[in-house]
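Enquirer: Everything below, folded, please.
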Amino acid sequence: SGSGTTLSISNISIIEITNDTNLPRIDYTGGEGHWLFEPQSTNLLPYSQTITEFSQTNSTLFDNQTISPDGTQNAGGATKLGSTSNDRIRETISVSNSTVYSISAFVKNSTIVVGGVSSISFRISGGTLFRKGYEWGASGLSFSSSQDSGTRTNEILEDYGNGWYRIGFSFTTDGTSGSFEIDLDRQNGSDTTTLFIWGTQFEQQSFATSYIPTNGSQITRLADAASGAGSSDLINSTEGVLYAEIAALANDLTNRFISLTDGTDSNSVTIFYGGVSNRIRTEIKSGAVTQANLLTTSYPITNFNKIAVKYKGNDFALWVNGVEVATDTSGSTPIGLNDLSFNRSNILDFYGKAKCVAVFKEALTDAELTCLTTI
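Expert: All right, here's what the predicted structure looks like:
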């Protein structure tokens, strides 16, 4: 109430509150919406987009300088001092030994010259330097092997538009502490160029999950779940088709199921990934006895695939992207099917992307299956 007093709001938090707690999480990465099902994960970096909270080596840090992938001006970055190629941001983190982690961040070139190489890394104290390089070209960012170090899996380079890319990889620790690092340009030590950085993430996962914002503490995102698919009366045990248009989050050999069952594993029709690289598989059981086991490894599972399983007495088939890839002409159909789940018997949850899941009460013809699954 005093005259001449100036007040300002320095921090605004917006929370969406809804009475419907079962809203699906729809992701538009790639341009088309799809359900996104991910496991529970925690971003172990306490400041995911406040770059000035990181430590620096031979660089100057800044915040809120440009529009980030979330559409607001909250992305910061770093500028090289030009004294050495060892110019980076870093954050020390405690980890568990012999454990798989994933590291990721969003980066955008400001003034790095063509041929410059930025890198993301995790440096184990007294252990391995896990690092992946990315080269800036005239038309964008690409993988570079010039700065690679350590054994890495599930490397990512995803274009988010407006010059932003998400980079990262997974690795297995050989120590109990280390530092998250992003090097600005390891090719041109004397340059004084700038890299925008946003959405840094470090998580105990075998692949990088979607971005989890943090602002002063580690944040956990709970696992996604789906329920209320419809009436069990629409499931036929005598014959039918289980169909899904899906993509895996990573080709990490983990078994992930979509299934029709009687509530147990004894009678089931399944579509699942895992066990072998890029394997799409169906297993049909009746009375706990496998009637058909059909599979293919000809399709990248991180791409969207249209998959259909036809089941009928002595007539089983697996279709992928308009092609009948495997058949079995001997066997009985399951009994008592009444449940459609993104798992198998409440385990081996399907974590991935789904555009469509459907159940047909009749065994479709080859012509119908071709039409259904052709991309």
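
Enquirer: In three-state terms, label residue 335 for me.
Expert: What DSSP: H, G, I helix; E, B strand; the rest coil gives for residue 335 is coil.

Enquirer: ok, now how distant is the closest residue in space to residue 356 that isn't next to it in sequence from residue 355?
Expert: Leaving aside its chain neighbours, residue 356 sits nearest to residue 245 (4.5 Å; criterion: Cβ to Cβ, 6 or more residues apart in numbering). All C-beta atoms are positioned from the backbone trio N, CA, C, and that covers glycine. Residue 245 sits 4 Å away from residue 355, going by Cβ to Cβ, to the nearest Å.

Enquirer: ditto for residue 179
Expert: 39 Å.

Enquirer: which one of those two has more residues nearby?
Expert: residue 179 (18 against 14; other Cβ atoms under 10 Å).

Enquirer: element containing that one?
Expert: Assessed by DSSP states H and E, residue 179 sits inside strand 177-183.

Enquirer: tell me which residues form a beta bridge with residue 89?
Expert: Judged by DSSP bridges, the bridge partners of residue 89 are residue 56, residue 182.

Enquirer: Report the contact partners of it.
Expert: Shown in contact with residue 89 (Cβ atoms under 8 Å, 6 or more residues apart in numbering): 51, 54-56, 59, 61, 78, 181-182, 197.

Enquirer: Residue 146 too?
Expert: So residue 146 contacts 117, 133, 135, 186-187 (Cβ under 8 Å, 6+ apart).

Enquirer: Go ahead and confirm residue 356 touches residue 243.
Expert: Yes - using Cβ atoms under 8 Å, residue 356 is in contact with residue 243, at 7.2 Å.

Enquirer: neighbour count winner among the two?
Expert: residue 243 (23 against 13).

Enquirer: I'd like the mean pLDDT over the helix or strand harbouring the more buried one, please.
Expert: For residue 243, the host element (DSSP H and E) is strand 239-248. Summarised as a single mean, pLDDT over strand 239-248 is 97.

Enquirer: starting at the chain centroid, how far to stretch 71-87?
Expert: With Cα atoms, centre = their mean, to the nearest Å as the basis, stretch 71-87 stands 26 Å off its chain's centre.

Enquirer: can you tell me the distance between the two ends of stretch 50-60?
Expert: 13 Å (Cα to Cα, to the nearest Å).

Enquirer: how about it: buried residues?
Expert: Counting neighbours by 16 or more other Cβ atoms under 10 Å, one finds that the buried residues in stretch 50-60 are 50-51, 53-54, 56, 58-59.

Enquirer: give me the low-pLDDT residue ranges for the stretch 1-150 of the chain?
Expert: 1-2, 15-23 (pLDDT under 70).

Enquirer: related to what we said a few turns ago, as a markdown table, the contacts of residue 146 with neighbour count would be great.
Expert: Below are the contacts of residue 146 laid out as a markdown table (neighbours: other Cβ atoms under 10 Å):
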| residue | neighbour count |
| --- | --- |
| 117 | 20 |
| 133 | 21 |
| 135 | 20 |
| 186 | 20 |
| 187 | 19 |
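
Enquirer: how about the helices in the protein?
Expert: Under the criterion DSSP state H, the chain contains helices at 366-373.

Enquirer: Farthest from the middle of it: give me that residue.
Expert: Farthest-out residue of the chain from its mean C-alpha position, per Cα atoms, centre = their mean: residue 3, at 54.0 Å.

Enquirer: From residue 332, how far off is that one?
Expert: 88 Å.

Enquirer: Confirm for me that residue 353 is in contact with residue 35.
Expert: Yes - with contact defined as Cβ under 8 Å, residue 353 and residue 35 form a contacting pair (6.9 Å).

Enquirer: who touches both of these two?
Expert: The contact sets of residue 353 and residue 35 overlap at residue 27 (Cβ under 8 Å, 6+ apart).

Enquirer: neighbour-wise, which of these two wins?
Expert: Each of residue 353 and residue 35 has its neighbours counted (other Cβ under 10 Å); residue 353 has more, 22 against 18.

Enquirer: so that one bridges to which residues?
Expert: The partner residues for residue 353, given DSSP bridges, come to residue 36, residue 247.

Enquirer: What of the one 5 residues further on?
Expert: On the basis of DSSP bridges, residue 358 is bridged to residue 243.

Enquirer: The strand holding residue 179 packs against which elements?
Expert: strand 88-94, strand 100-109, strand 117-124, strand 194-203 (3 or more Cβ pairs under 8 Å, 6 or more residues apart in numbering; DSSP states H and E).

Enquirer: now the angle from the shortest one to strand 177-183?
Expert: Read it as strand 88-94. Here the directions of strand 88-94 and strand 177-183 differ by 160 degrees (axes from the mean of the first three to the mean of the last three Cα atoms, to 10 degrees).

Enquirer: List the buried residues for strand 88-94?
Expert: By 16+ other Cβ under 10 Å, the buried positions in strand 88-94 come out as 88-91, 93.

Enquirer: Greatest separation within these: which pair is it?
Expert: 88 and 93 (14.9 Å; Cβ to Cβ).
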